[in-house]
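1. kindly generate the corresponding structure for this input.
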Amino acid sequence: MQPPDRFVARSMAAVMCLCLGASTLPQPALAAAPAAFDRSGLLDRFAARPGKLTSDERILHALNRFTFGLRPGDLKAVKAMGPGSTGLDRWFAQQLHPGSMDNSALQARLAEYPAMQWSSEDILARLPSGAVIRQVIDGKAAMPASGAVHTVYVNQVARVSYRREQDKLKQQTTANATPATNAAPVASAMASNAMSSASAQPPQAAASSMNGVATNGQAGSAQGGSANAMAVPGASPAQPQPAETLIEPGFVDSILALPPSQRVQTLTALPQPRFDAFLKALKGPQRAALLAGLSPDLKETVGALENPEKVVVDELLSQRLTRDIYSEAQLQEVMTDFWFNHFNVYLRKDEATPYYLVSYERDVIRPNSLGKFEDLLEAVAHSPAMLLYLDNSSSTGPDSTSVEKATQAAVKKGNKKFKPEGLNENYARELMELHTLGVNGGYSQADVIQAARILTGWTVDRPQRGGGFKYDANRHEPGTNKVMGKKFKDKGEQEGRNLLHFLSTRPATAKFISRKLAIRFVSDDPPQSLVDRMAKTFLHSDGDIAAVLETLYRSPEFWSSNTYRAKIKTPLEYVVSASRASNANIANMQPLMNALRDMGMPLYGSIPPTGYKWDAADWVSTGALVNRMNFALSLTANKLNGITTKWPESASAVPQSATQSDAPKPSPESEEARLESLLVGGGVSETTRSAVLQQFTEQSAQVQPAAPDMAMQADKLRTGGKQVVAVPAVLKPQPNHLPPASPIEKQDQLLAGLLLGSPEFQRR
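-> Down below sits the predicted model:
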């Protein structure tokens, strides 16, 4: 027998495949649907229907398109803003002016991520990347003299030095084909000397302390600053000391028992190998106990002692999901997602990119998301994140002063193999193809080359240390250039600004941007009449994004019954909307990050500059929808660590404890109706409702009242010698430390999960 949760997920996914576009799926997936989920009539469920949208449907439609999903009570709140269409118009006008909204609750949540308020330079100084640490080891950068940030550097220097030792040993072993018996002590000594040299460098003022945690300046150097501290008597200095020899019994508990501030100070004073051994010794709930009671700054310090770059990435992803789920300015967040995808930058382009993405989204994308397109385009063009991602920072004019000097120096040295830096066309090409004109925007390859010449000299100052935009006249290609018939005189940086203005005001740009917006908010194939109307507004308003959106909002094509529930949610839209609909209390965003990765849409994870696609065909498949159903079941059953949902009982429900399994409880039909009204704006069809209740009945028949929950039952089947089934990690029970669910709660959890996985909830 299949584990119940897998059966439910696969069965409901088969239904969703049929409802969401089965023609794109392989036939075996369709055949997997149980007989109860007959294909007949499902494919045309969302076909065009006669008549106009009702007043409630108009509100639901707007909320589904201009937010990341409805929360319980949103429909009522909009209706309270005014009678008829007045309330909805007021709500939309408010969304176009996010600064007028009270977002204090969101700001309180964002306070959990202190580094997200720092400059790129400060983040790299206080939470160093691998490149910064290598500079310290090589004597090219200073190590802070004291404080917690000093220990962060010491720990990272030790780890990087150890990896270097191991790489060197492997190379020597391969080269000599004999055991490198004498290499280990030498390598260890080299690492120790590098660290000692780094510690002697002048302190970095910006990084002299971290998050208010002060430590003895010598503690890090004396106790953890030497790679030799990793050695133990009688063992090779190149081998890390076993954790059990570094951590005595009771040591972990003694640390966890300390008050928060003292706990962090004690950890900061630990030598690096002892600190790593402490982390390795933590078991299950002890990891949560380590962070219990810590302020955001202290949590950040503990994370930085372990892996500073991970702190940056985790905070970056967490603050983004926090905004998407909890912000009242939902249209601003939807547009931030839209523009980031439009001006995509891949998180792992290089070691500096995660650090620059903080400012890129915070200072470039979000504040310009509802402003003028030209302002946004210019801010992106000046952003180190974009200049590094598309390699314009290294683009150099063939006839520039920089190339001329480098060539002369090479000739003097007799270097006949010298090849100077050259023109890089990557950014210029994507600027025209993806950012402004579109692939059919009327430009040629010659225009791309000319644009690249204009943009030479647009680079980044000290990219490994978080420097900002820099115009380098020595790299700039001199002379006049011509793009699409227009001449651009050599005016240094202003020449590039003139190019951006030219591209941002082209009719082709207006149409390209308007069509992308219409695809995002209306349909995968929007009416040309709507695109033309939006493009006209774009040109007449000098690219005012808010004005273009208002034109879309006022257009009859947007309100057509054909568009109602016609868009398939992307994985991001699905995960965020499920979190919003369930009123989830989220103290840990990691399970949501994992879910997005499993669904194929990790945040900042699109490698090509095209970004993620919005079309349904990219997101509808059997496997993808099984992942969505698994996520929904885990979310509603509180199986995701640090995330809790509650399903308030109806007024007619009889209170029960977990032990009162024989007490009367509301019927599945009445609970389904109650939860449907909470979770799925506009409700579900009779076909979906019947499928949900049938799956609930079949699931209940397979699990006895006293049986473990779904994921535990699946694990039992895996280990009991019966059918072996791979259970997704997302379904495994997590330590949320909640009391056992009552029979009513278990019933509601399953019903809610099935509804969040329904075809109606998959659409917006």
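2. quick one, strands of the stretch 551-700 of the chain?
-> Counting by DSSP state E, counting those that start in this stretch, one finds strands in the stretch 551-700 of the chain at the ranges 585-586, 643-644.
3. kindly report the same for the stretch 51-200 of the chain.
-> With DSSP E, counting those that start in this stretch as the criterion, the stretch 51-200 of the chain has no strands whatsoever.
4. ok, which stretches of it are helices?
-> With DSSP state H, counting those that start in this stretch, the ranges of helices along the stretch 51-200 of the chain come out as 55-66, 74-79, 86-95, 104-110, 120-126, 130-137, 148-176, 183-199.
5. other SSEs contacting the fourth one?
-> Just to be clear, that refers to helix 104-110. Applying 3 or more C-beta pairs under 8 Å, 6 or more residues apart in numbering; DSSP states H and E, one finds that helix 104-110 contacts helix 308-326. For every residue, glycine as well, the C-beta is placed using N, CA and C.
6. and the contacts of whichever helix or strand comes after the helix it packs on?
-> Following helix 308-326 in sequence order, the next helix or strand is helix 330-342 (DSSP states H and E). Contacting residues not belonging to helix 330-342 are listed as 66-68, 92, 95-96, 98, 323-324, 327, 361, 365-366, 368-370, 376, 434-435, 516-517, 520, 545, 549, 572, 604, 606, 611-612 [C-beta atoms under 8 Å, 6 or more residues apart in numbering].
7. grab the most central residue of the protein for me.
-> Within the chain, one residue has its C-alpha closest to the average C-alpha position: by C-alpha atoms, centre = their mean, that is Leu603, at 2.7 Å.
8. pLDDT score for it?
-> If you check Leu603, the pLDDT there is 97.
9. tally of neighbours for Thr174?
-> Counted with other C-beta atoms under 10 Å, the burial measure for Thr174 works out to 9 neighbours.
10. from Phe512, how far out is it?
-> Relative to Phe512, Thr174 is positioned 53 Å away (criterion: C-beta to C-beta, to the nearest Å).
11. now do the helix or strand containing Ala546: distance to the chain's middle.
-> Here Ala546 sits within helix 545-554, counting by DSSP H and E. Relative to the centre of its chain, helix 545-554 is centred 27 Å away, using C-alpha atoms, centre = their mean, to the nearest Å.
12. got it, and stretch 391-408?
-> The chain centre lies 36 Å from the centre of stretch 391-408; the measure is C-alpha atoms, centre = their mean.
13. can you give me the helices in the stretch 401-550 of the chain?
-> Counting by DSSP H, counting those that start in this stretch, residue ranges of the helices within the stretch 401-550 of the chain are 401-412, 426-430, 445-454, 493-504, 507-521, 528-540, 545-554.
14. contacts for the last one, please.
-> Around helix 545-554, the neighbours that count as contacts under C-beta under 8 Å, 6+ apart are 62, 92, 96, 331, 335, 369-373, 376, 513-514, 517-518, 521-522, 530, 533-534, 537-538, 541, 558.
15. can you list the domains in this protein?
-> If the domains of the chain are taken from automatic domain parsing, they occupy 4-46+586-598+609-762, 115-313, with pieces of a single domain joined by a plus sign.
16. comparing the ones you listed by mean pLDDT, which bottoms out?
-> In terms of mean pLDDT, the lowest-scoring of the domains of the chain is domain 4-46+586-598+609-762 (a mean of 68).
17. ramachandran coordinates for Thr301?
-> phi -60, psi -50 (degrees, to the nearest 10).
18. so it sits against Thr268, correct?
-> Yes: in this structure Thr301 lies within contact range of Thr268 using C-beta atoms under 8 Å: 7.1 Å.
19. and the strands of the stretch 551-700 of the chain, which is most packed in?
-> strand 643-644 (a mean of 19; mean count of other C-beta atoms under 10 Å).
20. from the contact counts, what lies against it?
-> Checked by 3+ C-beta pairs under 8 Å, 6+ apart, strand 643-644 has strand 585-586 packed alongside it.
21. ok, and what's touching the strand it packs on?
-> When contacts are taken as C-beta under 8 Å, 6+ apart, the neighbours of strand 585-586 outside the stretch itself are Leu321, Thr322, Ile325, Ser579, Leu592, Gly642, Ile643, Thr644, Thr645.
22. ok, Lys310 - contacts?
-> Residues touching Lys310, when contacts are defined by C-beta under 8 Å, 6+ apart, comprise Gly303.
23. that one and Ser295, how far apart?
-> Distance, Lys310 to Ser295, by C-beta to C-beta: 19 Å.
24. just to revisit the earlier point, and the angle for the helix holding Ala546 with helix 507-521?
-> 60 degrees (axes from the mean of the first three to the mean of the last three C-alpha atoms, to 10 degrees).
25. can I get helix 545-554 as CSV, trimmed to CA atoms?
-> Output for helix 545-554, consisting of C-alpha atoms alone and laid out as CSV, is shown next (Å, rounded to 0.1, in the frame of the first residue of the first chain):
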residue,chain,number,x,y,z
ILE,A,545,4.8,52.6,-14.8
ALA,A,546,2.0,53.5,-12.5
ALA,A,547,0.1,55.2,-15.3
VAL,A,548,0.6,52.1,-17.6
LEU,A,549,-0.8,49.9,-14.8
GLU,A,550,-3.8,52.2,-14.3
THR,A,551,-4.5,51.9,-18.1
LEU,A,552,-4.4,48.2,-17.7
TYR,A,553,-6.7,48.3,-14.7
ARG,A,554,-9.2,50.5,-16.5
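26. in it, what counts as buried?
-> Of the residues in helix 545-554, those buried by neighbour count under the rule 16 or more other C-beta atoms under 10 Å are Ile545, Ala546, Ala547, Val548, Leu549, Glu550, Thr551, Leu552, Tyr553.
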